[in-house]
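Chemist: let me see the structure of the following:
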Amino acid sequence: MNLNDVLANLYEMDWLYDQPFSLELYNNGAYVLLFLSALAPSFIFMAIFYFLIKYPFCKWYHWLIVLIAGLIVTDVLTQRVLYNFLAVPIANSAQGINSFLLKQILLNSFLSLLFGFIATLIFKRAPLPQHNIPWSKS
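Modeler: Next up is the predicted model:
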């Protein structure tokens, strides 16, 4: 069992599965890229926030802006990955593709937010200039 098989279980849940599109993504191994498009921007943007912004300057809304910026990058990357791997099915059958793309983008958005919170909790423990999470008092 490879990583594409493991991630296919996540991306092919009942409400996300659409036979021609999901099969195309699975055969091309695109689920790994979809997962990375949710994971990488969250950790990169949170690392930028925690390494570059000093504590006295930090407010909770700065953290939220960085989280939303990572979410926007995730959505753009997800759309690009889907359009690159689904070019032929989109050209052959555009029926149902919009809802499939929207569901995949929403799932990756949720994963990106989850990874952003996890990155925040990880970086809180590291000896960085920004050691507090924005919503804590200590």
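
Chemist: ok, residue 75 touching residue 107?
Modeler: No. In this structure residue 75 lies outside contact range of residue 107 using Cβ atoms under 8 Å: 11.1 Å. C-betas here are computed from N, CA, C, even on glycine.

Chemist: burial measure for residue 123, as a count.
Modeler: Residues near residue 123, counting by other Cβ atoms under 10 Å, number 18.

Chemist: for residue 101, same thing?
Modeler: With neighbours defined by other Cβ under 10 Å, the count for residue 101 comes to 18.

Chemist: which pLDDT value goes with residue 95?
Modeler: Residue 95 is assigned 62 on the pLDDT scale.

Chemist: and what of residue 87?
Modeler: 71.

Chemist: can you tell me how far it sits from residue 30?
Modeler: As judged by Cβ to Cβ, to the nearest Å, residue 87 and residue 30 stand 12 Å apart.

Chemist: also residue 81?
Modeler: Applying Cβ to Cβ, the value for residue 81 to residue 30 is 6 Å.

Chemist: so where do the strands sit in the chain?
Modeler: Using DSSP state E, the chain contains no strands.

Chemist: residue 87 and residue 30: which has the busier surroundings?
Modeler: It is residue 30, of residue 87 and residue 30, that has more neighbours when counted by other Cβ under 10 Å, with 22 against 11.

Chemist: the more buried one reaches residue 83, doesn't it?
Modeler: No. Between residue 30 and residue 83 there is no contact under Cβ under 8 Å: 10.9 Å.

Chemist: just want the most central residue of the chain.
Modeler: Nearest to the mean C-alpha position of the chain, by Cα atoms, centre = their mean, lies residue 38 at 1.8 Å.

Chemist: contacts for stretch 114-123?
Modeler: 38-39, 42-43, 45-47, 50, 63, 67, 70-71, 130, 133-134 (Cβ atoms under 8 Å, 6 or more residues apart in numbering).
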